[in-house]
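> need the 3D shape of this:
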Amino acid sequence: MLRVLLIFLAAIAAPLAVQGQAGVSFEATSDAGKVVLESYFEVSFTLLNAEGRNFTPPPFNDFIVVSGPNRSAQTSIINGQVSKREGFIYTLQPRRLGRLTIGSATIEVNGRRLRSNPLTIEVVKSQPGSSGEEVFIRAEPSTTEAWAGQQIILDYKLYTTVNVENFNILEEADYQGFYARDIRRYDGRVIREVLNGKQYVTKVLKRVALFPQQAGQLSISPMNVQLGIVKEEGRRRSFFFTPEVRRVPASTEPLTIEVAPLPPNPPASFSGGVGEFRMYSQINRSTVTTDDAISLSITINGSGDIKRVQAPVLKVPESFELYEPKVSEESSYENGGGITGKKVFEYLMLPRETGSFQLQPSFSYFDPDSSRYVTINETVYDITVRPGTGRGQAHLPGDAGSLEKEEDINFLKMDSALYRRQPPFLGSPLFWILAMLPVLALGGIAIIQRWKAGRAAIDPALLRSRRARKVAQQRLSTARQHLESGSTRAFYDEVSKAMLGYVCDKLHIPRSSLSKANLQRQLEQLQLENSLVGRFMDVIQTCEMALFAGKEDAAAMQDTYQDAVQVVSEMEGKLSGK
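Okay, the predicted model is just below:
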């Protein structure tokens, strides 16, 4: 009986597991498709939505393995959909010039081996004496020749060979002649690119969708940015502590976009759409009487400026009375590739004569890729109209004014019954309970307000001192998660923040005056044991060196974590009484 029950539960759980988790895949990606000989790049082998074992990398005969494999793991739940991601990351340096191939890695999943896709990396020779700048910003449009209304994706991309800490847009570009919309969801990964024989680290700082509203030469003014560049001498002095940053202005070059007018003689069903669209239609009924109204909805969606799309012209039989179409829904949203939209038009029509008729919605748009008009013809609707009652005009959906009340006599209730008289509510126990509720609520609010006022009166520095250990333990717990997932840099960063944050909060040390010498002096003034102070400073030094030099020894990470936990615990015992 138990065996039958287990089989039954497994049969139920299997489709639910498949529904709650996306497909399994194993793929290879690189942060560069083209590199110079002396540089390095990263290759990632990623397993999606499965537990893998026995990972085998491809042979890297043409490359020097600088580091790896560095493992990463991530699980996310979005709208009930569970996705898992496990990665194996290598940092490689090419040994020779040419187009080099990285073969397939393999991993075992549920008894079978999956193979990743191969990768091709182009290795070029760096140009000696290249006068390329250290850091600059370029405005890179998807095209410089467009049709009126065509969507243009404009990327503002940072190219750098130095460490850029942050950026600030001082002056936006002027998009006169365009309808512009910022795209906030896009691939902002750091990519390595070769430009004029020099390798840069690149990142898209801003993405804008542009729609030219007129033909001709349209100009885009420069965007002015301020970049925060880490000073190398400050970085060598102390990587962990707040780096010294110099502010550098940067501007893009002005752009010119050649915009051509749409070709003449568009189809009669063209209603202004430029891009790539689809059409769907739906009718509420195919058999009606002359007393009924017919409702037809046409949905247009796709990539492009949906605001330009007007209601398609609908050809109806002469005996049909067609009302002006209305827009029942309009929305636009962004994705990594640009702006897409949706528009729903509602058509109401009244058949005045009986018979058999046909309706065929059609819609035309201009496709910039093929430079031609595209016409979509929907399904032909066969409509049968029968005689109505002739008692009045058809009622339009949503037209409350067309409804007439045909009866003016209220419904007579023929049966009756006697009921026991209920006691009055006033003065009843329920009445007094409800009457006391506001008093009790006001009393509770007063108590809460008094408690909050007491907390607000506490000195913020004293409150931070009391919570220092709890905050440090939370950070160390996060560091433990990074340790288990193999996220080396995140682990050391979180440990160092936990240690320094604990001492700063506990001893009321402003973070603006944070330095290793100041920390050591403050701790020694508290007459703590020299060994405890030394262990604290050793943990800080270990984190600093690991972040600077890329230390990735798993055993060393475990030792650092244990030392940090023990040092915080011992220091709490020593400092709590001071």
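> and this structure, what are its domains?
Domain assignment for the chain by automatic domain parsing gives 20-124, 135-260, 270-390, 462-575.
> kindly reformat the ones you listed as TSV containing mean pLDDT, mean neighbour count and distance to residue 429.
(Each C-beta comes from the backbone N, C-alpha and C, glycine too.) Supplementary listing: these in TSV, determined by pLDDT from 0 to 100; neighbours: other Cβ atoms under 10 Å; distance: least, Cβ to Cβ, whole Å:
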stretch	mean pLDDT	mean neighbour count	distance to residue 429
domain 20-124	85	16	46
domain 135-260	86	16	58
domain 270-390	90	17	53
domain 462-575	79	17	46
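> wait, which of the ones you listed is closest to residue 438?
Of all the domains of the chain, it is domain 462-575 that lies closest to residue 438, at 33.9 Å by Cβ to Cβ.
> and the domains of the chain as CSV, adding distance to residue 441?
Listed next are the domains of the chain as CSV, based on distance: least, Cβ to Cβ, whole Å:
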stretch, distance to residue 441
domain 20-124, 38
domain 135-260, 43
domain 270-390, 42
domain 462-575, 29
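> of all those, which lies closest to residue 430?
Counting by Cβ to Cβ, residue 430 lies closest to domain 20-124 out of the domains of the chain; the figure is 42.8 Å.
> that older thread, and the domains of the chain: which comes nearest residue 445?
Residue 445 sits nearest to domain 462-575 of all the domains of the chain, at 23.6 Å, using Cβ to Cβ.
> which helices and strands sit right next to the helix or strand containing residue 274?
In this assignment (DSSP states H and E), residue 274 forms part of strand 270-283. Packing partners of strand 270-283 (3 or more Cβ pairs under 8 Å, 6 or more residues apart in numbering; DSSP states H and E): strand 294-304, strand 362-367, strand 372-377.
> show me what the longest one is packed against.
Based on contacts counted as 3+ Cβ pairs under 8 Å, 6+ apart, the elements that strand 294-304 packs against are strand 270-283, strand 338-351, strand 362-367.
> excluding chain neighbours, give the residue nearest to the residue positioned nearest the centre of the chain in space.
The chain has residue 185 as the residue nearest its centroid, 5.4 Å off, counting by Cα atoms, centre = their mean. Among residues not flanking residue 185 along the chain, residue 334 sits closest, at 5.7 Å (Cβ to Cβ, 6 or more residues apart in numbering).
> list phi and psi for the one you found.
Per-residue torsions, residue 334: phi -110, psi 150 (degrees, to the nearest 10).
> and it, bridged to which residues?
As for beta bridges, residue 334 partners with residue 339 under DSSP bridges.
> that one contacts residue 208, doesn't it?
No: using Cβ atoms under 8 Å, residue 334 makes no contact with residue 208, being 10.8 Å away.
> name the residues contacting each of the two.
181, 183 (Cβ atoms under 8 Å, 6 or more residues apart in numbering).
> helices of the stretch 101-250 of the chain, residue ranges please.
Along the stretch 101-250 of the chain, counting by DSSP state H, counting those that start in this stretch, helices occupy 232-237.
> what about the strands in it?
Secondary structure of the stretch 101-250 of the chain (DSSP state E, counting those that start in this stretch): strands at 106-109, 112-115, 119-124, 135-141, 145-147, 152-160, 164-171, 178-183, 191-195, 198-212, 216-220, 224-230, 245-251.
> between these, which gets nearest to residue 483?
Closest to residue 483 of the strands of the stretch 101-250 of the chain is strand 106-109 (Cβ to Cβ; 22.7 Å).
> sheet partners, orientation included, of the closest one?
Strand 106-109 sits in its sheet next to strand 53-56 (antiparallel), strand 112-115 (antiparallel), going by DSSP bridges.
> looking at those strands, which is closest to residue 300?
Among those, the nearest to residue 300 by Cβ to Cβ is strand 112-115 (41.1 Å).
> so what touches the closest one?
24, 26, 47, 52, 104, 105, 106, 107, 108.
> what does stretch 250-262 give?
By Cβ under 8 Å, 6+ apart, stretch 250-262 touches 135-139, 141, 143-149, 152, 154, 156, 173, 177, 210, 212, 214-227, 274, 366.
> look up phi and psi at residue 478.
Dihedral angles (degrees, to the nearest 10) for residue 478: phi -60, psi -40.
> find the helix or strand that the nearest residue to it once chain neighbours are set aside is a member of.
Once flanking residues are discounted, residue 478 sits nearest to residue 494: 5.1 Å by Cβ to Cβ, 6+ apart. Secondary-structure element containing residue 494, defined by DSSP H and E: helix 488-507.
> sorry, back to before: and the strand holding residue 274, which strands flank it?
Partners of strand 270-283 in the sheet, by DSSP bridges, are strand 294-304 (antiparallel), strand 362-367 (parallel).
> looking at those strands, spot the one closest to residue 565.
So among these, strand 294-304 is nearest, using Cβ to Cβ, at 53.0 Å.
> quick one: the closest one to strand 338-351, angle?
160 degrees (axes from the mean of the first three to the mean of the last three Cα atoms, to 10 degrees).
> quick one: strand 294-304 to chain centroid distance?
Centre-to-centre, strand 294-304 and its host chain are 28 Å apart (Cα atoms, centre = their mean, to the nearest Å).
> next one: stretch 534-549
Distance, stretch centre to chain centre, for stretch 534-549: 35 Å (Cα atoms, centre = their mean).
> also stretch 190-208?
With Cα atoms, centre = their mean, you get 21 Å for stretch 190-208.
> next, the distance between the ends of it.
From its first residue to its last, stretch 190-208 covers 19 Å (Cα to Cα, to the nearest Å).
> what do you get for stretch 320-333?
The first residue of stretch 320-333 is 36 Å away from its last residue (Cα to Cα).
> what about the helices in the stretch 301-450 of the chain?
Counting by DSSP H, counting those that start in this stretch, the stretch 301-450 of the chain has helices at residues 429-456.
> give the bridge partners for residue 44, please.
Per DSSP bridges, the residues bridged to residue 44 are residue 29, residue 89.
> what's the answer for residue 297, then?
With DSSP bridges as the rule, residue 297 is bridged to residue 282, residue 346.
> which residues touch it?
Here residue 297 is in contact with 281, 282, 283, 328, 344, 345, 346, 347 (Cβ under 8 Å, 6+ apart).
> now residue 283
Residue 283 touches 294, 295, 296, 297, 359, 381, 383, counting by Cβ under 8 Å, 6+ apart.
> how about those residues in CSV, adding distance to residue 475?
Converted to CSV, the contacts of residue 283 look like this (distance: Cβ to Cβ, whole Å):
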residue, distance to residue 475
294, 66
295, 60
296, 61
297, 55
359, 66
381, 65
383, 69
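> max pairwise distance over the residues you listed: which two?
Farthest apart among those by Cβ to Cβ are 297 and 383. That separation is 15.1 Å.
> kindly format the C-alpha coordinates of stretch 31-40 as PDB.
The C-alpha trace of stretch 31-40 is given here as PDB (Å, rounded to 0.1, in the frame of the first residue of the first chain):
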ATOM      1  CA  ASP A  31      33.500  38.500 -22.200                       C
ATOM      2  CA  ALA A  32      35.500  39.100 -25.400                       C
ATOM      3  CA  GLY A  33      35.400  37.900 -29.000                       C
ATOM      4  CA  LYS A  34      38.600  39.800 -29.900                       C
ATOM      5  CA  VAL A  35      41.700  40.300 -27.800                       C
ATOM      6  CA  VAL A  36      45.300  41.400 -28.100                       C
ATOM      7  CA  LEU A  37      48.100  38.900 -27.600                       C
ATOM      8  CA  GLU A  38      49.300  40.300 -24.300                       C
ATOM      9  CA  SER A  39      45.900  40.700 -22.600                       C
ATOM     10  CA  TYR A  40      43.600  38.300 -20.900                       C
END
